[in-house]
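1. I'd like to go over a predicted model; first the sequence, then the structure.
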Amino acid sequence: MMTRRALVVANWKMNGSTAACEAWAGAFKALPAPEAETALCAPAVLLGCLAQHLSQSCVALGAQDVSEYASGAYTGETSASMLRDIGARWVIIGHSERRTLFGDTDARVAAKVRAALACGLKPIVCVGETLAERESSQTLRIVEKQLTAVIDAVGAQALASGAVAYEPVWAIGTGKTATPDEAQHVHCNLRELIARFDPKAADAVRILYGGSVKPSNAAELFSQPDIDGGLIGGASLSAQDFYAICQAA
Ligand code: PEP
């Protein structure tokens, strides 16, 4: 089995400003580089500012969504090549907020992953069940359906060039976290699903946990064998808290 380097990704969601970019980057750069690989997924409009402030740092840049289209008459969209051009290397795709609020279906998520890969952006594919789905014992069926849609479109090897994030919807921004055992159970099943398509890709792919990760609960979650890091929302707005979570990975 290969050792997977931990990956910790900040998701600022629709928060931040040019001043916040400067302050966050200054605070993070003042600390010794963590061993984990790190990325910051910020609103597209702040990526240029962050590219300046985070140059010479270990934090890679990422976006929070990408258009499924390459270019043209798609008002309001941001293409994968534009994100690459401004310095992004990663992109979150299929976050539950986009699935529930902005109509990202499994098919559209797969199309966005394909568009990202075509431009060399590394997709972070998010999957996760709602509370009702968990309570009706549908967790594995739902996350496997979400991930299979992407594997069917781009293949398991391509998936492994990015990362997968398991984010139970009921744990995002709620202060409720899956227990390490609950999360490990889902991560292990997702890895087994990928292995059915490509065992090497399954071994290599990083599966991140997301949902109210904080400095106080990160180490226990990250100690699970199939949890390879985290996707961090609220706590990533503080450079110090995000750094502490990176150190736990
Ligand atoms: C997220 O937005 O991906 C997330 C996990 O949010 P939070 O950490 O705030 O729950």
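-> Sure, I can see it. What you see is a predicted model, and the numbers here were worked out from it, not measured in a lab.
2. Poorly predicted segments of this structure, please.
-> Applying pLDDT under 70 to the chain picks out residues 1.
3. Try it again at 80.
-> 1-2 (pLDDT under 80).
4. what residues does it put near the ligand?
-> Listed as neighbours of the ligand in the chain under the rule C-beta under 6 Å from any ligand atom: 11, 13, 167, 172-173, 210-213, 231-235. Using the backbone N, CA and C atoms, a C-beta is placed for each residue, glycine as well.
5. Please work out the residue of the protein nearest to the ligand and name it.
-> The minimum distance from the chain to the ligand, using C-beta to the nearest ligand atom, falls at residue 233 (2.1 Å).
6. close enough to count as contact, that residue and residue 172?
-> Yes: if you go by C-beta atoms under 8 Å, residue 233 and residue 172 touch, sitting 6.5 Å apart.
7. what do these two both touch?
-> Jointly contacting residue 233 and residue 172 under the rule C-beta atoms under 8 Å, 6 or more residues apart in numbering are 210, 212.
8. May I see the buried residues of stretch 199-213?
-> By 16 or more other C-beta atoms under 10 Å, the buried positions in stretch 199-213 come out as 201, 202, 204, 205, 206, 207, 208, 209, 210, 211, 212, 213.
9. Quick one: neighbours of the nearest residue to the fourth one once chain neighbours are set aside, just the number.
-> Same thing as residue 205. Sequence neighbours aside, residue 160 is the residue nearest to residue 205 in space, at 4.0 Å (criterion: C-beta to C-beta, 6 or more residues apart in numbering). Neighbour count of residue 160, defined by other C-beta atoms under 10 Å: 18.
10. give the contact list for residue 160.
-> Taking C-beta under 8 Å, 6+ apart, one finds 194, 198, 200, 201, 202, 204, 205 in contact with residue 160.
11. neighbours of the closest residue to residue 236 other than its chain neighbours, just the number please.
-> Closest residue to residue 236 apart from its sequence neighbours, by C-beta to C-beta, 6+ apart: residue 10 at 3.3 Å. Residue 10 is flanked by 27 other residues according to other C-beta under 10 Å.
12. residues in contact with the strand or helix carrying residue 10?
-> When elements are assigned from DSSP states H and E, residue 10 belongs to strand 7-11. If you take C-beta under 8 Å, 6+ apart as the criterion, strand 7-11 is touched by 34, 36-42, 62, 64, 90, 92, 95, 124, 163, 165, 206, 208, 210, 228-233, 236, 242, 245-246, 249.
13. what's the next secondary structure element after it?
-> Going down the chain from strand 7-11, the next helix or strand is helix 18-29, by DSSP H and E.
14. Show me where the protein has its strands.
-> 7-11, 37-41, 59-63, 88-93, 122-127, 163-166, 206-210, 229-232 (DSSP state E).
15. for this structure, which helix is longest?
-> In the chain, assigned by DSSP state H, the helix with the most residues is helix 180-197.
16. Show me which positions of it end up buried.
-> 180, 183, 184, 185, 186, 187, 189, 190, 191, 193, 194.
17. Neighbours of the residue nearest to the fifth one when sequence neighbours are not counted, how many?
-> What it means is residue 186. Distances taken as C-beta to C-beta, 6+ apart put residue 166 closest to residue 186, at 5.3 Å, once the chain neighbours are dropped. Using other C-beta under 10 Å, residue 166 has 28 other residues around it.
18. Surely residue 166 and residue 188 touch.
-> No: Residue 166 sits out of contact with residue 188 when judged by C-beta under 8 Å, with a separation of 10.5 Å.
19. what residue is smack in the middle of this protein?
-> Using C-alpha atoms, centre = their mean, the residue of the chain that lies closest to the mean C-alpha position is residue 124, 4.2 Å off.
20. Tell me who's in contact with that residue.
-> Residue 124 makes contact with 9, 41, 62, 90-93, 162-165, 208, 231 under the criterion C-beta under 8 Å, 6+ apart.
21. Repeat the analysis, applying 6 Å as the threshold.
-> 90, 92, 162, 163, 165 (C-beta atoms under 6 Å, 6 or more residues apart in numbering).
22. Appreciated, that's everything.
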